[in-house]
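Participant: Dropping the sequence and predicted coords here.
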Amino acid sequence: MNSSSSTTVSAELGLRLIVPQQTIVPLVASLFYSGSDPYAVRMAFHVGTDEPVEWIFARDLLSAGIESRQGEGDVQVWPSEPADSADGGADSVVLNIELSSPFGQAHFEAPVEAMGAFLARTYTIVPAGEESGFVDIESELNDLLRKA
């Protein structure tokens, strides 16, 4: 197993929750990435409750979503101009993150530049395509067997 797998990256992003009447609610999300779970990015949404709401995303999904619409089902991501943008421009591109669950649906806008910078930092820990070299298969199997 690669010894740098304990390396982690985190960041805080200012997001905007877009609600049906095009109202925009600012909020903060914390992003976490760990070499010990190299395929996943954890995002904790701080929505005013005591405990943040946490979702886990495939790192590749977020990366690809910066370029084009990605995802099926519960999680979809795509780039666009912000919901309230009239002038546009490259520096105003956002990453749309749409989440669906049995409890409802939420649409967030995250700054593409900040998300891209966070993802670039994750690729310095675990390069694209090398994720399997950072997973401790024996440990994962032992955990699964213990829970069975």
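Facilitator: Structure's in. What do you need? Numbers count the residues shown, from 1 in each chain.

Participant: From now on I want contacts and neighbour counts done on CA atoms only, so please keep to that.
Facilitator: Will do.

Participant: Kindly tell me how buried F134 is, as a neighbour count.
Facilitator: 21 (other Cα atoms under 10 Å).

Participant: That one and S34, how far apart?
Facilitator: 10 Å (Cα to Cα, to the nearest Å).

Participant: all helices of the protein, in order?
Facilitator: Taking DSSP state H as the test, the helices found in the chain are 59-65, 112-125, 137-147.

Participant: Which among those is found nearest to S100?
Facilitator: Among the helices of the chain, helix 59-65 comes nearest to S100, with 15.6 Å by Cα to Cα.

Participant: Check the offset of the least confident helix or strand in the chain by mean pLDDT from the chain's centre.
Facilitator: Least confident helix or strand, the chain: helix 137-147 with a mean of 77, by mean pLDDT, DSSP states H and E. Centre-to-centre, helix 137-147 and its host chain are 26 Å apart (Cα atoms, centre = their mean, to the nearest Å).

Participant: which residues are in contact with that helix?
Facilitator: The contact list for helix 137-147 (Cα atoms under 8 Å, 6 or more residues apart in numbering) is empty.

Participant: Same check on stretch 20-31?
Facilitator: 10-19, 41-47, 83.

Participant: now that stretch: mean pLDDT?
Facilitator: Averaging pLDDT along stretch 20-31 yields 85.

Participant: Buried residues, it. List them.
Facilitator: For stretch 20-31, the neighbour count (16 or more other Cα atoms under 10 Å) marks I24, V28, A29, S30, L31 as buried.

Participant: Quick check: the farthest pair among the residues you listed?
Facilitator: I24 and L31 (20.8 Å).

Participant: quick one on the thing from earlier: compare the helices of the chain and report which one is nearest to S101.
Facilitator: helix 59-65 (17.8 Å).

Participant: Any buried residues in the closest one, and which?
Facilitator: Neighbour-count burial for helix 59-65 [16+ other Cα under 10 Å]: R59, L61, L62, S63, G65.

Participant: pretty sure the third one is touching V77, no?
Facilitator: It refers to L62. Yes - using Cα atoms under 8 Å, L62 is in contact with V77, at 6.8 Å.
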